[in-house]
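A.B. asks: After the sequence you'll find the predicted model.
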Amino acid sequence: MKNELLDRDTFRESVFKRDGHLCVICGEHAIDAHHIIERRLFPDGGYYLDNGASLCEKHHLEAEMTTLTCVDIREAIGIKTVVIPPHFYEDVEYDKWGNQMLRNGTRVKGELFDDESVQKILKAGNVLSEFTHHVKYPRTYHLPWSPGMNRDDRMMNDTNIFRGQKIMICEKLDGENTSCYTDRVTARSLETSSHPSRNWVKNLWAQFGYNIPVGWRVCGENMFAKHAIHYSKANGNALETYFYMFSIWDDKNMCLSWDETLEWAELLELTTVPVYYYGVYDIDVITELNDKMEDSPNNIEGYVIRLAREYHYSEFRDVCGKYVRKNHVQNNHGHWTTQKITKNELK
Ligand SMILES: [Zn+2]
């Protein structure tokens, strides 16, 4: 098996053996069995042969500073299988520290960006100026009891973190994840082109965007166009607005507590997602909600649970989980953008 998880020593030996103990970039004597993608980004340590590269001191430093890219390193070795942590996206290019590298030359901060050692090495590499303050909305893992898991989906390891904690449960709306900054509105991928379904939210943003602090982002669901569920009077799920806000992140990439989020919603005059429950985690509440989901007509996608307290971007997949109803067709890849728009309806 080429890409089985190795222990630390076997990883080192196997990487050196494959590369003949020579730096894969310059052919000098290799001193480091380098992790192409940082091991801390992997839940299992990332000791996979195809995530390793033998490097000399100079090229090791360049790889850590990210001036030598993961793509360069894989190409030098001839690695075809890109090993990435399970919560990463296969169609996205990352630097060593899990920051996203966009085709336009800018980078998007990842979960280790604020880490002190990462800051230091990126500064040494003189690449901090390449970063935009736009951040990709993280992938929401499924709750272990979510019936709508698809092949590409990820599941939370456990939900013990919710026990005894104050949580918020809200409806999961079937729209397009959207982030509003003071200078720009972005869809999830950050690189998506303009689409008529985004105009309504852009017009709304023109009215409140100037109140968003620099480096902060207001995240919500753009509900203008039908994706899989049609929100309409006939279906009994007509909308209050085409933009439902669900979280606000500050310039340190902290997601504000739910209480603070509500205060900001009032200030910005935005509608927040419909809340099913706000209180201490209670399994009876969850059971009741699951029954309701299964019994209700096919006009709800599911629900999302988050910890009510504030949390950092790097905690997201442990403190936030979704329940998606069985047979719900998810449109994560934007296929709906190529279809003719069917407008959702307001109440
Ligand atoms: Zn070298």
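C.D. replies: Received it, and whenever you're ready, just let me know what you need.

A.B. asks: OK, contacts around R188?
C.D. replies: For R188, the contact set (Cβ atoms under 8 Å, 6 or more residues apart in numbering) comprises 136-137, 176-179. Quick note: C-beta positions are derived from backbone N, CA and C, even for glycine.

A.B. asks: okay, now N344: neighbour count?
C.D. replies: A count of nearby residues for N344, using other Cβ atoms under 10 Å, gives 23.

A.B. asks: Just flag the most distant two among the contacts of R188.
C.D. replies: Greatest spatial distance among the contacts of R188 (Cβ to Cβ): K136 and E176, at 13.7 Å.

A.B. asks: returning to that earlier point: closest one of the contacts of R188 to the ion?
C.D. replies: Nearest to the ion among the contacts of R188 is K136, at 31.9 Å by Cβ to the ion.

A.B. asks: What's the mean pLDDT across stretch 168-180?
C.D. replies: What stretch 168-180 shows for mean pLDDT is 96.

A.B. asks: Going by neighbour count, list what's buried in that stretch.
C.D. replies: Buried residues in stretch 168-180, defined by neighbour count with 16 or more other Cβ atoms under 10 Å: 168-180.

A.B. asks: Pull up the distance across it, start to finish.
C.D. replies: Start and end residues of stretch 168-180 are separated by 22 Å (Cα to Cα, to the nearest Å).

A.B. asks: ok, back up a step: export the buried residues of stretch 168-180 to TSV and tack on secondary structure and distance to the ion?
C.D. replies: Output for the buried residues of stretch 168-180, formatted as TSV (DSSP: H, G, I helix; E, B strand; the rest coil; distance: Cβ to the ion, whole Å):
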residue	secondary structure	distance to the ion
M168	strand	51
I169	strand	52
C170	strand	51
E171	strand	53
K172	strand	48
L173	coil	50
D174	coil	50
G175	coil	48
E176	strand	44
N177	strand	41
T178	strand	44
S179	strand	39
C180	strand	44
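
A.B. asks: Can you list the low-confidence ranges for the stretch 151-300 of the chain?
C.D. replies: By pLDDT under 70, the low-scoring segments of the stretch 151-300 of the chain are 189-193.

A.B. asks: Please enumerate the strands of it.
C.D. replies: Remark: strands assigned in the stretch 151-300 of the chain by DSSP state E, counting those that start in this stretch are 166-172, 176-180, 185-187, 217-222, 243-249, 254-255, 271-272, 275-280.

A.B. asks: which other residues reach the third one?
C.D. replies: For strand 185-187, contacts defined as Cβ under 8 Å, 6+ apart pick out 134, 176-179, 192, 195, 198, 201-202, 205, 209, 222.

A.B. asks: try the fifth one
C.D. replies: Contacts with strand 243-249, where a contact means Cβ under 8 Å, 6+ apart, come from 135, 170, 173, 175, 178, 200-201, 204, 216-223, 255-256, 260-261, 264-265, 268, 270-274, 304, 306, 313.

A.B. asks: between it and strand 166-172, what angle do the directions make?
C.D. replies: Angle of strand 243-249 versus strand 166-172, following axes from the mean of the first three to the mean of the last three Cα atoms, to 10 degrees, is 140 degrees.

A.B. asks: Show me which residues of the chain sit near the ion.
C.D. replies: With Cβ under 5 Å from the ion as the criterion, the chain meets the ion at residues 23, 25-26, 28, 56, 59.

A.B. asks: Which of those residues ranks first by neighbour count?
C.D. replies: Neighbour counts for the residues of the chain next to the ion peak at H59, which has 25 neighbours (criterion: other Cβ under 10 Å).

A.B. asks: which secondary structure element contains that one?
C.D. replies: Counting by DSSP states H and E, the element that carries H59 is helix 57-64.

A.B. asks: just to revisit the earlier point, can you tell me which of the contacts of strand 243-249 are buried?
C.D. replies: By neighbour count, with 16+ other Cβ under 10 Å, the contacts of strand 243-249 hold 135, 170, 173, 175, 178, 200-201, 204, 216-223, 255-256, 261, 264-265, 268, 270, 272-273, 304, 306, 313 as buried.

A.B. asks: any idea which helix or strand comes after the helix holding H59?
C.D. replies: Assignment by DSSP H and E places the next element after helix 57-64 at helix 70-77.

A.B. asks: Return the distance of that following helix from the chain's centre.
C.D. replies: 25 Å (Cα atoms, centre = their mean, to the nearest Å).

A.B. asks: could you give the angle of it to helix 57-64?
C.D. replies: With the same axes, to 10 degrees applied, the angle from helix 70-77 to helix 57-64 works out at 140 degrees.

A.B. asks: Now helix 70-77: average pLDDT?
C.D. replies: With pLDDT averaged residue by residue, helix 70-77 scores 96.

A.B. asks: next one: stretch 18-30
C.D. replies: 97.

A.B. asks: Quote the end-to-end distance of it.
C.D. replies: Terminal residues of stretch 18-30 are spaced 12 Å apart (Cα to Cα).

A.B. asks: Mind listing residues that contact it?
C.D. replies: Residues outside stretch 18-30 that contact it (Cβ under 8 Å, 6+ apart) are 16, 49, 52-56, 58-59, 68, 72-73, 76-77.

A.B. asks: how far does that stretch sit from the chain's center?
C.D. replies: How far stretch 18-30 lies from its chain's middle: 35 Å, per Cα atoms, centre = their mean.

A.B. asks: And for stretch 266-280?
C.D. replies: For stretch 266-280 - counting by Cα atoms, centre = their mean - the centre lies 21 Å from the chain centre.

A.B. asks: No more questions from me, cheers.
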